[in-house]
Structures are given as C-alpha cells and as structure tokens.
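Participant: Any chance you can model this:
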Amino acid sequence: MRFNLIKTARQLTNIAIKNSEIVQPYVKPRHYRRGLLALNALHYALRIADKDK
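Facilitator: Numbers count the residues shown, from 1 in each chain. So this is what the prediction gives:
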C-alpha cells in the first residue's frame, strides 16, 4: 500500500511539473523557479523511495 501511494505521488508531481508552464506567466519568476525546484526535488525523492522497495 505504501508503495502505491509513493508511485501515485510521483506521478502527480510529474504531472504538476509538466503543467507548471501554464502558471508561469502569472507568477513572479523567482517564485516560479523556487516552486519548480521544490517540485523537482520532491519528484526525485519519490523516485528514489519507489526504487527502494
């Protein structure tokens, strides 16, 4: 069950990263970069957690 949640969270962060360019014109560049960096960090942490089954 835990790994299904990790996989789902990883997929959701991947979708959020891909869709982040939609909000880019509406936020300050500094905030956009910071948010994208946080999403990428979360995505890669979830990928590592998913591999450590």
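Participant: For the chain, just list every one of the helices.
Facilitator: Per DSSP state H, the chain carries helices over the ranges 2-23, 29-51.
Participant: Using a markdown table, lay out those helices together with mean pLDDT.
Facilitator: Converted to a markdown table, those look like this (pLDDT from 0 to 100):
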| stretch | mean pLDDT |
| --- | --- |
| helix 2-23 | 85 |
| helix 29-51 | 88 |
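Participant: now these in TSV, with mean neighbour count?
Facilitator: Quick note: C-beta positions are derived from backbone N, CA and C, even for glycine. What follows is the helices of the chain, written out as TSV (neighbours: other CB atoms under 10 Å):
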stretch	mean neighbour count
helix 2-23	13
helix 29-51	13
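Participant: ok now do Gln24, which residues does it touch?
Facilitator: Residues counted as contacts of Gln24 (CB atoms under 8 Å, 6 or more residues apart in numbering) are Tyr32.
Participant: Need the pLDDT of it.
Facilitator: pLDDT, Gln24: 87.
Participant: mind checking how far it is from Tyr44?
Facilitator: 21 Å (CB to CB, to the nearest Å).
Participant: same deal with Asn14?
Facilitator: Here the distance between Asn14 and Tyr44 works out to 11 Å (CB to CB).
Participant: Which neighbours do those two have in common?
Facilitator: Common contacts of Asn14 and Tyr44, defined by CB under 8 Å, 6+ apart, are absent altogether.
Participant: who touches the residue nearest to Thr13 when sequence neighbours are not counted in this structure?
Facilitator: Nearest residue to Thr13, sequence neighbours excluded (CB to CB, 6 or more residues apart in numbering): His43, at 4.1 Å. By CB under 8 Å, 6+ apart, His43 lies in contact with 10, 13-14, 17.
Participant: Looking at those residues, spot the one nearest Arg34.
Facilitator: Taking CB to CB as the measure, Arg34 lies nearest Ile17 of these, at 13.7 Å.
Participant: Hmm, Ala38 and the closest one touching each other?
Facilitator: No. Using CB atoms under 8 Å, Ile17 makes no contact with Ala38, being 10.4 Å away.
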